[in-house]
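>>> Sharing a model that was predicted from the sequence below.
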Amino acid sequence: MQQVEQKVSQLQESIYELIVETSTNLPKDVRKAVKQAKLNETAGTRSAMALETITNNITMAETDVSPICQDTGMPTFKVKTPVGVNQLEIKDAIHHAIVRATKDGKLRSNSVDSLFGKNSGNNLGPGTPVIKFEQHENDYIDIRLILKGGGCENKNIQYSLPCELEGLGKAGRDLDGIRKCILHSVYQAQGQGCSAGFIGVGIGGDRTSGYELAKDQLFRLVDDVNPIEELRLMEDYIMENANKLGVGTMGFGGETTLLGCKIGVMNRLPASFFVSVAYNCWAYRRLGMKLNAATGEITSWLYKDGEDISFTKDAGQETTEKTREVKLVAPITEEQIRELRVGDVVSISGMMYTGRDAIHHHLSSHDDAPVDLNGQVIYHCGPVVVKDKDGKYEIKAAGPTTSIREEPYQGDIMKKFGIRAVIGKGGMGAKTLKALEEHGGVYLNAIGGAAQYYARCIKEVKGVDFLDFGIPEAMWHLQVEDFKAVVTMDSHGNSLHREVDQDSLQKLATMAERVF
Ligand SMILES: O=C(O)C[C@H](O)C(=O)O
Ligand code: SF4
């Protein structure tokens, strides 16, 4: 009996370690790809600056054992057990470890009731976490975890061949049609899934198993070699050519758009031909371990082999381009906003208020806000928050979320409440751009995933409203110091996002000719 209890608590401990390590310590193969991207970028460009922030953030997360990105994603476990091992016991241990990691601020409470919007608060709920069991012939337990965030999940895409693709024309049921789908998947993600990204591609299957296969590819090592010759060639081709699209880090333009491409294949039905793409941001958090099946102890880690990668002193070549830095403190006047141009770096001190989907929805249907938002800054952010021992809120991770989801509301809300600046990532569309011009507003792009970097700019939580929306969706009143973001949409009708999108579409169109 005692042995059984010991095993259960050891299992919980080992899985807790896996969760914490996955959330806070980016694997070496991923770091290597990010480092290479940094070396390829010209120093001083927006992309190089973004990569500098990203690599600093990776180091901060590891040192502080804090989440790399505030969106700790849908915890997805793949577990292989020897025949005869109790899988229910493992499931239970995973649930315990998840609850503990959430309480400790290593995971954000990410499980939301789809009908009523209530956050379960502990990352448990119908469908959360995802656990897939399999049996294998070995005597150990193989357990792997991926924490894939919602923003990049939104950029997954599934093609049904034959189809017509913007820029590329017809994609047929052959290798060349597959090539076109994969190129298109990278183009359509733009910077919104926190590029530079990694893609897992599944060819064949049905709609469900196709996506499953695509996600399974994300468990491969970034630098492995595809055993199927046709797919090896395709992976190489995609890596070379997707990086010619010029989307760049965070969609700022630049040399690196894609950090990895892994393709798998399975049979299909005669009538169906799916190409499914799972897009993962640079914050590609997946790790694994082997456990002793009798004791639950960790015997070895997976994805941890190879040399340590540090990011110090690896800037690319220098540029002479100078960026302007403008300091702002809210309340901000229309005149101050009208002076800003795309490309300026803004450094904000003073107050800002978080607001994402639930807040935007609420503000659009109400005429009053809990605080006077006139001249204020809204930050599209759902932080990781814990209470310290004195009962004060402490922000553990606080990077931006994808702004385009607020496109239906943003312009109207800015006008209605007098908001002057919104901070987010990935940019917004034509409706917001028009409102920025009419009202005198600005869109500021923060670096997606840099949750530790921004958490350090937050000096104090001054208050919170709408906590019943759940921690990520509440309106947090944040006092910040020197919070940096780039103007990517200004009040003169300019949008870097529109520019990069059009430019990359043109480049995509040059790749329409048959290759395979
Ligand atoms: O939910 C978040 O905080 C971010 C999300 O992963 C996103 O990329 O938009
Ligand atoms: S914010 Fe960016 S880095 Fe974080 S999970 Fe979303 S896509 Fe990934």
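Yep, that arrived. Not measured: the values here are computed from a predicted model. Ligands and ions are numbered 1, 2, ... in the order given.
>>> Now do the contacts for whichever residue of the stretch 151-300 of the chain sits closest to ligand 1.
Across the stretch 151-300 of the chain, the shortest distance to ligand 1 (C-beta to the nearest ligand atom) belongs to G151, at 1.6 Å. The C-beta positions use only the backbone N, C-alpha and C, and glycine is treated the same way. G151 sits next to D71, Q192, G193, C194, C281, T401, T402, K425, G426, G448 when contact means C-beta atoms under 8 Å, 6 or more residues apart in numbering.
>>> ok, now which ones touch the third one?
With contacts defined as C-beta under 8 Å, 6+ apart, the neighbours of G193 are G151, C152, N154, K155, Y279, N280, C281, T402, G426.
>>> Can you report how many residues neighbour the third one?
N154 has 16 neighbouring residues, counting by other C-beta atoms under 10 Å.
>>> Also the fifth one?
The number of residues packed near Y279 is 28, by other C-beta under 10 Å.
>>> Likewise for the fourth one?
Neighbouring residues of K155 were enumerated by other C-beta under 10 Å; the total is 25.
>>> restrict the contacts of G151 to contacts with ligand 1.
D71, C194, T401, T402, G448 (C-beta under 6 Å from any ligand atom).
>>> can you give me the strands for the stretch 51-200 of the chain?
74-82, 130-136, 140-148, 157-160, 163-165, 169-171, 197-203 (DSSP state E, counting those that start in this stretch).
>>> Please convert these to CSV, extending it with mean neighbour count and distance to L505.
CSV is the format used below for the strands of the stretch 51-200 of the chain (neighbours: other C-beta atoms under 10 Å; distance: least, C-beta to C-beta, whole Å):
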stretch, mean neighbour count, distance to L505
strand 74-82, 20, 31
strand 130-136, 13, 34
strand 140-148, 22, 27
strand 157-160, 18, 16
strand 163-165, 15, 11
strand 169-171, 16, 13
strand 197-203, 26, 18
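>>> what about those, which gets the closest to P270?
With C-beta to C-beta, the closest approach to P270 among the strands of the stretch 51-200 of the chain belongs to strand 157-160: 13.6 Å.
>>> can you list the ones next to ligand 1 among the contacts of G151 in JSON lines and add distance to A358, neighbour count and pLDDT?
Putting those into JSON lines (distance: C-beta to C-beta, whole Å; neighbours: other C-beta atoms under 10 Å; pLDDT from 0 to 100) gives the following:
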{"residue": "D71", "distance to A358": "15", "neighbour count": "29", "pLDDT": "98"}
{"residue": "C194", "distance to A358": "22", "neighbour count": "33", "pLDDT": "98"}
{"residue": "T401", "distance to A358": "12", "neighbour count": "25", "pLDDT": "98"}
{"residue": "T402", "distance to A358": "15", "neighbour count": "25", "pLDDT": "97"}
{"residue": "G448", "distance to A358": "20", "neighbour count": "32", "pLDDT": "97"}
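>>> so which helix or strand takes in whichever residue of the stretch 301-450 of the chain sits closest to ligand 2?
Of all residues in the stretch 301-450 of the chain, G449 sits closest to ligand 2, at 2.8 Å by C-beta to the nearest ligand atom. Using DSSP states H and E, no element contains G449; it sits outside every helix and strand.
>>> give me the low-pLDDT residue ranges for the protein?
The model of the chain has pLDDT under 70 over residues 1, 313-322.
>>> Show me which residues of it are close to ligand 2?
So far as C-beta under 6 Å from any ligand atom goes, the chain lies against ligand 2 at 69, 71, 73, 149, 151-152, 193-194, 281, 283, 399, 448-449.
>>> now the helices for this protein?
2-24, 28-40, 46-64, 87-103, 150-153, 175-189, 207-217, 229-242, 334-338, 357-364, 407-417, 430-439, 451-455, 496-509 (DSSP state H).
>>> Give me whichever of the ones you listed is most buried.
helix 451-455 (a mean of 26; mean count of other C-beta atoms under 10 Å).
>>> I would like the residues contacting that helix, please.
Contacts for helix 451-455 (C-beta under 8 Å, 6+ apart): 53, 56-57, 60-61, 64, 66-70, 381, 383-384, 395-400, 446-447, 483.
>>> Can you select the buried ones from the residues you listed in ChimeraX?
Provided next is the ChimeraX selection string for whichever of those are buried by 16 or more other C-beta atoms under 10 Å:
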select :53,56,57,60,61,66,67,68,69,70,381,383,384,395,396,397,398,399,400,446,447,483
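>>> D305: what's its closest spatial neighbour, skipping adjacent residues?
Distances taken as C-beta to C-beta, 6 or more residues apart in numbering put K28 closest to D305, at 7.4 Å, once the chain neighbours are dropped.
>>> I'd guessed that neighbour sits against W301; true?
No: taking C-beta atoms under 8 Å as the definition, K28 is not a contact partner of W301, at 10.7 Å.
>>> Common neighbours of the two, please.
Counting by C-beta under 8 Å, 6+ apart, nothing touches both K28 and W301.
>>> Next, the contact list for L107, please.
I19, S23, P67, T72, P75, I98, A101, N123, L147, V384.
>>> Roughly how far does it sit from I141?
According to C-beta to C-beta, to the nearest Å, L107 and I141 sit 21 Å apart.
>>> Count the neighbours of F466 for me.
By other C-beta under 10 Å, 16 other residues sit near F466.
>>> For it, give its distance to I395.
17 Å.
>>> Same question for V30.
V30 is 25 Å from I395, by C-beta to C-beta.
>>> If we ignore the residues flanking it in sequence, what's nearest N226?
R232 (4.1 Å).
>>> Please read the previous query as pertaining to Y140.
K290 (4.7 Å).
>>> was I right about that neighbour contacting D139?
No: counting by C-beta under 8 Å, K290 sits too far from D139 to count as a contact (10.1 Å).
>>> Which of these two has more residues huddled nearby?
K290 (17 against 11).
>>> Show me what that one bridges to in the sheet.
Note on K290: beta-bridge partners D142, S300, judged by DSSP bridges.
>>> how far away is it from E297?
10 Å.
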